[in-house]
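>>> take a look and give me a structure for this.
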Amino acid sequence: MIPDAFKQDLLNRVDIVDVVSRYVQLKKGGANYLGLCPFHGEKTPSFTVSPAKQFYHCFGCGVHGNAIGFLMEYGGMGYIDAVKELAASVGMQVPEKPRTTEEIARQERETDLYGVMEKAMQFYRGELKQSPRAIEYLKGRGVSGEVAARFRIGYAPDDWQGLQKAFSDYHDKALVECGLVIESEGKRYDRFRDRIMFPIYSARAAVIGFGGRVMGAGEPKYLNSPETPLFEKGREVYGLVQAREAIRTAGRALVVEGYMDVVALAQFDIGYAVATLGTATTPIHVGKLLRLADELVFCFDGDAAGRKAAWRALEVALPLAPDHKPIRFLFLPDGDDPDTYVRRHGKEGFEKLLRQAQTLSDFLLGQLRAESDLATAEGRAGFLARAKPHIQKLAAPALRVQLVNAVAEMARVSEPDIQRLMELPKAGYARPAPRRPSYEAPSCPEWSLLACLLTDLGLVEHIDPALLTPDLPETEALLAIRSLCAEAAEEPSFPILLDALDARHLDLVLKAQKYGEEVGFDTEGAKYEIQEALAKLDLKRRKVELDSILKQGMASREEQLAYRDKLMTYKRLQGALPSP
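Okay, here's the model as predicted:
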């Protein structure tokens, strides 16, 4: 049996938009993605995929589920096979047995390490304020105090054991586990010394590593945290926490090579830049950024090393490139990096150059053409041989067709021959299913509570079961969700909740979630709506109580005074509610 904890972790790591996009052409529509349902024939898209909730739902035929469920339904896989395929796509190993006590202890240990990293970050920030040299360096690079604070930039003092100022127990093994301190031959010393410090954040805005840059001559120019229980270079990008909103607004993510490039671009109001962490681009990097952006641009130096790094990024991006999200490659003029270019040409000049970036297909074909002599049969045969593995990697059907046609034309090969030579896989298939009728939302407060709760499951603590009307489907769904959240070790994700809910609640829950999205509830708005719905239910309960007292009668003056107090309270609460 696969542990629930592993399934939760897996669903947190995969992106259902990426999974579904391999089989269904999706188009951004508000917060969600829309497409033609692969499970029944339709001409108007009613199939939605929610990146926020990580589930799919068709309002035509009613199918729904998470990434695991999609592979089971569409691919005809068994549960175990679907989990294994998803796990393999993100580099996870499916556990064959429950977690050991050592694994549980390691997870608990990680919580302690987050606190150590946060404390180190605060120490480095404090040291920056005490170092005129470091401050002058940043000013010389055009970094304002506001941007330095936004990225929590700090300074590691030129001291072999500078962290002793922040950690009274310098021999705590956590400092070594976090990569802050090096232990060698019985001696301990700080890993980062006399460097500008750039904190690296996880997606949840927790400090997990650092990048340290020298201020003058010295090697390496950038020194990164080593792999630790918190930090895995191939999974993270620098500046994503700060860039997330700008990426969504611009519809573009720009990948540069250095932390200082990210900061410099932000200084010029180009806030959608991120950097890889001293490692080559990985599939996780590409997938993570494509989830946020409508366009992904890699920016490299124009020299041989830059083109080599760009080619590695292209090879990684090919299987992940969708038809509707272009991936481009920008090569800067010789001697320039993003920092120097934007300071010389400004935002307008940099973005003008950005718009001229090569498409993935142009870069790929140009590189293959440069390696081949297309004037000879042997050269064209070699060109086809080199193109084949790259074409086969492409999952985007429309882009693949375009590239196949271009390759055929350049190699002087007919359409039937190119299809045979490229050995391309056949397209998938769709299965029909009946259409369900449309749905009108109820007007009861319990419905509002359900829709709001599905915006943020953390709001479950506000739900008072005593106020809910018994026997309503909405009440039963609310109580089921409340019970599941109370039993879980941590707040469940929406896909996990869908898995755990009884089948009789699923349809209502999905409709309520969709309603909440259409209304546009955010967490703050949902809190307000929940308060109003609970106030209406409280008034309803009080009205029933008042009617019951009147029906029974009031024999004594004390009972009459008590009734008057209850009535006045009811009217005050009624007046506090907004008018319908």
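
>>> how about residues contacting stretch 140-156?
Contact partners of stretch 140-156, identified using CB atoms under 8 Å, 6 or more residues apart in numbering, comprise 121, 123-128, 131, 134, 138, 162, 190, 192-199, 212, 239, 242, 260, 262-264, 266-267, 339, 343. Yep, even glycine has a C-beta here, placed from its N, CA and C like the rest.

>>> from those residues, which land in helices?
Using DSSP state H, 121, 123-128, 134, 138, 242, 260, 262-264, 266-267, 339, 343 are the members of the contacts of stretch 140-156 that sit in helices.

>>> got a ChimeraX select line for the buried ones in the contacts of stretch 140-156?
Buried residues among the contacts of stretch 140-156 (16 or more other CB atoms under 10 Å), as a ChimeraX selection:
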select :121,123,124,125,127,128,131,134,138,162,190,192,193,194,195,196,197,198,199,212,239,242,260,262,263,264,266,267,339
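
>>> what helix or strand does the nearest residue to Lys566 once chain neighbours are set aside sit in?
Residue nearest to Lys566 in three dimensions, not counting chain neighbours: Leu546, with 6.1 Å by CB to CB, 6 or more residues apart in numbering. Using DSSP states H and E, Leu546 falls within helix 523-552.

>>> ranking helices and strands of this structure by mean pLDDT, which lands last?
Lowest on mean pLDDT, DSSP states H and E among the helices and strands of the chain sits helix 494-500, with a mean of 74.

>>> right, and the helix or strand after that one?
Counting by DSSP H and E, the next helix or strand C-terminal to helix 494-500 is helix 503-519.

>>> could you check the angle that following helix makes with helix 523-552?
Relative orientation of helix 503-519 versus helix 523-552 (axes from the mean of the first three to the mean of the last three CA atoms, to 10 degrees): 120 degrees.

>>> quick one: contacts of helix 503-519?
Contacts to helix 503-519, defined as CB under 8 Å, 6+ apart, come from residues 30-32, 48, 50, 53, 55, 57, 59, 62, 64, 439, 441, 447, 450-452, 454-455, 473-474, 476-477, 480-481, 494, 497-498, 501, 526.

>>> before we move on, the earlier item: surely the residue nearest to Lys566 meets Leu567?
Yes: using CB atoms under 8 Å, Leu546 is in contact with Leu567, at 6.1 Å.

>>> now Leu454: closest residue in space that isn't a chain neighbour?
Using CB to CB, 6+ apart and skipping the chain neighbours, the partner closest in space to Leu454 is Gln513 (4.3 Å).

>>> centre-most residue in the chain?
Lys288 (5.9 Å; CA atoms, centre = their mean).

>>> re earlier: just the buried residues out of the contacts of helix 503-519, in ChimeraX syntax.
Of the contacts of helix 503-519, the buried ones can be selected in ChimeraX as follows, counting by 16+ other CB under 10 Å:
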select :32,48,50,53,55,57,59,62,64,447,450,451,452,454,455,473,474,476,477,480,481,494,497,498,501,526
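
>>> sitting in helices, which of the contacts of helix 503-519 do you find?
Per DSSP H, helices hold the following members of the contacts of helix 503-519: 447, 450-452, 473-474, 476-477, 480-481, 494, 497-498, 526.

>>> ok so, going back, avg pLDDT for the helix holding Leu546?
Averaged across helix 523-552, the pLDDT comes to 82.

>>> where does pLDDT dip in the stretch 401-550 of the chain?
Within the stretch 401-550 of the chain, the stretches with pLDDT under 70 are 425-441, 461, 486-492, 521, 523-524.

>>> residue contacts, Thr469?
Thr469 is in contact with 444, 446, 475, 537, 540, counting by CB under 8 Å, 6+ apart.

>>> can you check Tyr56 too?
Taking CB under 8 Å, 6+ apart as the test, what Tyr56 contacts is 16, 20, 47-50, 63-66, 70.

>>> tell me which of those residues is nearest to Met117?
For those, the closest approach to Met117 (CB to CB) belongs to Ile16, at 30.3 Å.

>>> so the closest one makes contact with Ile68?
No: under the criterion of CB under 8 Å, Ile16 makes no contact with Ile68, lying 9.5 Å away.

>>> find residues that contact each of these two.
Pro495.

>>> about what we covered before: can I get the ones in helices among the contacts of helix 503-519 in a markdown table with distance to Glu518?
As requested, the ones in helices among the contacts of helix 503-519 are exported to a markdown table (distance: CB to CB, whole Å):
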| residue | distance to Glu518 |
| --- | --- |
| Trp447 | 13 |
| Leu450 | 14 |
| Ala451 | 9 |
| Cys452 | 13 |
| Pro473 | 20 |
| Glu474 | 17 |
| Glu476 | 23 |
| Ala477 | 18 |
| Ala480 | 23 |
| Ile481 | 20 |
| Phe494 | 17 |
| Leu497 | 20 |
| Leu498 | 19 |
| Ala526 | 14 |
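
>>> closest one to Pro220 out of those, please.
Pro220 lies nearest to Phe494 out of the ones in helices among the contacts of helix 503-519, by CB to CB, at 42.4 Å.

>>> mind checking how far that closest one is from Gln367?
Distance, Phe494 to Gln367, by CB to CB, to the nearest Å: 42 Å.

>>> how's this structure carved up into domains?
Here the domain parsing of the chain from automatic domain parsing is 4-89, 100-231, 445-576.

>>> which one of those lies closest to Glu315?
domain 4-89 (16.6 Å).

>>> so for that closest one, mean pLDDT?
In this model, domain 4-89 has an average pLDDT of 82.

>>> hmm, Pro199 and Glu236 touching each other?
No: the criterion here is CB under 8 Å, and Glu236 misses it with Pro199 at 11.5 Å.

>>> any shared contact partners between those two?
Residues touching both Glu236 and Pro199 by CB under 8 Å, 6+ apart: Gly209.
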